[in-house]
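Participant: here's a sequence, model it:
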Amino acid sequence: MSVNPQEVTGRRELRFTSVAEIVADAEQVTRGTPVCLGNWSAGQIMMHLARTVDASIDGASFQVNVFRRLLARCVFKRKMFAEGLPAGFPSRSPLIPGETTIPAGLKGLREAIGRLDETSHREPHPAFGPLSVEEWNQFHCRHAELHLSFILPEADPTQAPEPESGPLGPERRIGPP
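Facilitator: Okay, the predicted model is just below:
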């Protein structure tokens, strides 16, 4: 059953300032057994991010039509850098991985982010056009914030849930539940 990503609640709020933070968060959130709130597994999310990073260096294998490119460059680019990417934005099929394990996704993400440090070459973005290295890095941060926000870390079993709180303080039950 498919989930509408725009309607998902309980996502993590993330704001990365460097691409290194993307890998650090992915490694941290996938310790144990994470919970994914959307349609993709944690492995798929990380592999999608890796493919997008690779496409920024190697070039994308698809084109965006002229109308969407103009709209993206004139309207959406500034908003994306300031506020991030909205949930539910359609991905292109070459960037959507099949089922992928967390270790494989993490490996792909580490390698792709590592490539960003090895070269300053960047291909134009399929929608936004030419971007500087810094703009591409910011794009990768905003993109990762969106996707990684759907992954919740495994619940800590040593943490007791907080009591439900009502207008008069924590609710107390009298008698059997």
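Participant: where's the residue nearest the centre of the chain relative to M47, distance?
Facilitator: By C-alpha atoms, centre = their mean, the mean C-alpha position of the chain lies nearest to H147, the distance being 1.9 Å. Taking C-beta to C-beta, to the nearest Å as the measure, H147 falls 10 Å from M47. Where you see a C-beta, it was placed from the backbone N, CA and C, and this is true even at glycine.
Participant: pull the contacting residues for the residue nearest to the centre of the chain.
Facilitator: Listed by C-beta atoms under 8 Å, 6 or more residues apart in numbering, the contact partners of H147 are 40, 45, 48-49.
Participant: please, which helix or strand holds it?
Facilitator: Under the assignment given by DSSP states H and E, the secondary-structure element containing H147 is helix 133-148.
Participant: in that helix, what's buried?
Facilitator: Of the residues in helix 133-148, those buried by neighbour count under the rule 16 or more other C-beta atoms under 10 Å are 136-148.
Participant: looking at those residues, which is nearest V23?
Facilitator: Set against V23, the nearest of those by C-beta to C-beta is A144 (9.1 Å).
Participant: what is the burial count for A72?
Facilitator: As a burial measure, A72 scores 17 neighbours (other C-beta atoms under 10 Å).
Participant: how many neighbouring residues does the nearest residue to it once chain neighbours are set aside have?
Facilitator: Leaving aside its chain neighbours, A72 sits nearest to A127 (3.8 Å; criterion: C-beta to C-beta, 6 or more residues apart in numbering). Around A127 there are 18 other residues, counting by other C-beta under 10 Å.
Participant: strands of the chain, residue ranges please.
Facilitator: With strands called from DSSP state E, the chain shows them at 35-36, 151-152, 165-166, 169-170.
Participant: and the gap between the nearest residue to L131 once chain neighbours are set aside and L152?
Facilitator: In this structure, L131 finds its nearest non-sequential neighbour in H125, 5.4 Å apart by C-beta to C-beta, 6+ apart. With distances taken as C-beta to C-beta, H125 is found 29 Å from L152.
Participant: neighbour count winner among those two?
Facilitator: When H125 and L152 are compared for neighbours, H125 comes out ahead with 21 against 15, by other C-beta under 10 Å.
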